[in-house]
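Asks: give me a 3D structure for the following:
(one chain, ligands or ions: 1)
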Amino acid sequence: MNNSTETKTKKAPAPPVLGADVGGTNLRVGLLQNAELSDVRQYSTRQTELVQTIADAARELGAAAVGAGVPGTLDRARRRVLNTPNLPSLAGYELAARLEDASGLPVFLENDAVMLLTGDVHRLGLPEGGVILGVYVGTGLGSCVFSGGSPYLGANAIGVELGHIPFPGNAEKCGCGNTGCAESCVSGAYLERLVCEKYPGTPVADAFSVMSEELKLRYAENLACAIAAAVNLFDPDTVILGGGVPAMRGFPLDEVLRGVYAHALKPLPAQSLNIKTAPDDGASGVLGAALFAAGRLAAI
Ligand SMILES: [Zn+2]
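Replies: Below is the predicted model of the structure:
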């Protein structure tokens, strides 16, 4: 090791960064400073002026930059929103520019599943160089794959959109504009519709407590099919399952895990399946967005 590292001037502490997790249901923000996340706040996405709320929090908390996870697809430059099935008002929106105008700060956007997995990999202490699949069931069904420390992007930088793989026989219209997507039958939005139609008056948080065994098993099987499709495509060494839905009372986790194993290719990757549930406190997306922005800021 070169001794010159010892004589280098002490590195300045990293500036505080605001992380924002823009979900279809909740907007969460928090400040990352000295490796600690603090001041986490939650708002209802539908009742909040998104840009102003994030900009106000950044200014008030003294942030030097903003990182925001968006539940949808972004342009390659990560400036403009392309398609947000569960927040249609953001489609085509120049979100990075609007946030920069409102906050006066540099803004770094990414897909929300990338931010969630960034936070979870950090919190679970997973090796960053592995192949890690993140599946997040919230209002929608988000996903991403890290390989060698970077998210898989694809030719158009769209990433891994497990929520929009087609399920044969599914005639439901999806928020993305297509018909038959996995997300239309495996998501929090589906549970909300189901409760509204079949069990009116029941809070969506109790959906798994009131729905019939048949419906619950079908939900578990549909989610397992989506996860197994990604397992067989990407051969991950770790799968992280997170989001608000797996944290709900009565979520059929054992049935989902059994279904993933049943549909995973034998002997491998089935025999090496390592599925972990994410911390369920809702902080991973905020932390991941802040870590992502801090990394980008340091690279400037
Ligand atoms: Zn879709």
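
Asks: ok and the residue in the stretch 201-300 of the chain nearest the ion?
Replies: Ala226 (11.9 Å; C-beta to the ion). From N, CA and C alone the C-beta is placed, and that goes for glycine too.

Asks: going by secondary structure, that residue is in what exactly?
Replies: helix 213-234 (DSSP states H and E).

Asks: elements contacting that helix?
Replies: Secondary-structure packing of helix 213-234 (3 or more C-beta pairs under 8 Å, 6 or more residues apart in numbering; DSSP states H and E): strand 131-137, strand 141-147, helix 188-198, strand 238-242, helix 253-263.

Asks: roughly how far out does it sit from the chain middle?
Replies: Relative to its parent chain, helix 213-234 has a centroid offset of 18 Å by C-alpha atoms, centre = their mean, to the nearest Å.

Asks: in it, what counts as buried?
Replies: For helix 213-234, the neighbour count (16 or more other C-beta atoms under 10 Å) marks 216, 219-231, 234 as buried.

Asks: nearest to Gly282 among those?
Replies: Nearest to Gly282 out of those is Leu223 (C-beta to C-beta; 19.6 Å).

Asks: list the contacts of the spatially closest residue to that closest one that is not a sequence neighbour.
Replies: Of all residues beyond its chain neighbours, the one nearest Leu223 is Val186 (4.7 Å), with distances taken as C-beta to C-beta, 6 or more residues apart in numbering. If a contact means C-beta atoms under 8 Å, 6 or more residues apart in numbering, then Val186 has Val137, Leu141, Gly163, Tyr219, Asn222, Leu223, Ala226 as its contacts.

Asks: how does it look with 7 Å?
Replies: Val137, Leu141, Tyr219, Asn222, Leu223, Ala226 (C-beta atoms under 7 Å, 6 or more residues apart in numbering).

Asks: need those residues in TSV (columns: pLDDT).
Replies: Formatted as TSV, the contacts of Val186 follow (pLDDT from 0 to 100):
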residue	pLDDT
Val137	98
Leu141	97
Tyr219	98
Asn222	97
Leu223	98
Ala226	98
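
Asks: any idea which helix or strand comes after the lowest-mean-pLDDT helix or strand in the chain?
Replies: Within the chain, no helix or strand scores below helix 4-7, which has a mean of 46 by mean pLDDT, DSSP states H and E. Next in sequence after helix 4-7, counting helices and strands by DSSP H and E, comes strand 17-22.
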